[in-house]
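Student: Here is my input, please return the structure:
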Amino acid sequence: LYQKNYSLKNSLLLAFKKLPYLIIATFIYDIVIMLGIAVFLLPGIGLMVLLSMYFVLIIVDNENPISGFKQSWLLVTDNWFHSFAVLLILTIIVFGLGSIIGSLTTDLWVFAHPLGIGELPLGNRLIKVAADMLFFPFYASTLVMLYHDLRLRAKKKAIVEGQR
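Tutor: Modelled structure (predicted):
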């Protein structure tokens, strides 16, 4: 992935090639997290963080869903609190800004139509979707940076242990 220059066409073809793995992995991830949260909140959060790198591993390292989960688990285990902090801050930023934009568009709708009770118009939903699309590159690039950070931490740990 790193050694090639990709055109837009090749990038889209690569993305579509990985799409089935991403759909399968996301489905499995969601089921595991829901089961973890159903058992008790903390196991769900723990699993969510431990498996959080699966998406990046499938795209960047060409992993399949199962090996993506295994590699994510191995990468995050020794850096769980660091990963949790990064993911928590990222989630607060992305969902916080998205919620603010969604609230502003809703407030504008209510202000413009004080007697209009009911569902918000399609335009407001489209603004919310556009805001989510605006923040997704930030979310995805932060996940990729966390992935590289975790890999560097693992290499550093291996070097230190090799010197002993």
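Student: And the contacts of stretch 56-74?
Tutor: 1, 18, 21-22, 24-25, 28-29, 50-55, 143-144, 147 (C-beta atoms under 8 Å, 6 or more residues apart in numbering). Any C-beta I mention is one placed from the backbone N, CA and C, and that applies to glycine too.
Student: Could you list the buried residues of it?
Tutor: Within stretch 56-74, the residues that count as buried by 16 or more other C-beta atoms under 10 Å are 56-59, 63, 65, 68-69, 71-72.
Student: So which of those residues sit within helices?
Tutor: Cross-referencing those against helices under DSSP state H gives 56-59, 65, 68-69, 71-72.
Student: and which of the residues you listed is nearest residue 91?
Tutor: Residue 91 lies nearest to residue 56 out of these, by C-beta to C-beta, at 15.9 Å.
Student: Not counting sequence-adjacent ones, nearest residue to the closest one?
Tutor: Closest residue to residue 56 apart from its sequence neighbours, by C-beta to C-beta, 6 or more residues apart in numbering: residue 147 at 4.3 Å.
Student: ok, how many other residues are close to that neighbour?
Tutor: Counted with other C-beta atoms under 10 Å, the neighbours of residue 147 add up to 23.
Student: you'd agree it is up against residue 55?
Tutor: No - checked against C-beta atoms under 8 Å, the pair residue 147 and residue 55 is beyond contact range at 9.2 Å.
Student: And the lowest-mean-pLDDT helix or strand in the chain, how far out from the chain middle?
Tutor: Here the helix or strand of the chain ranked lowest by mean pLDDT, DSSP states H and E is helix 80-112, holding a mean of 80. In this view, helix 80-112 has its centroid 14 Å away from the chain centroid, taken as C-alpha atoms, centre = their mean, to the nearest Å.
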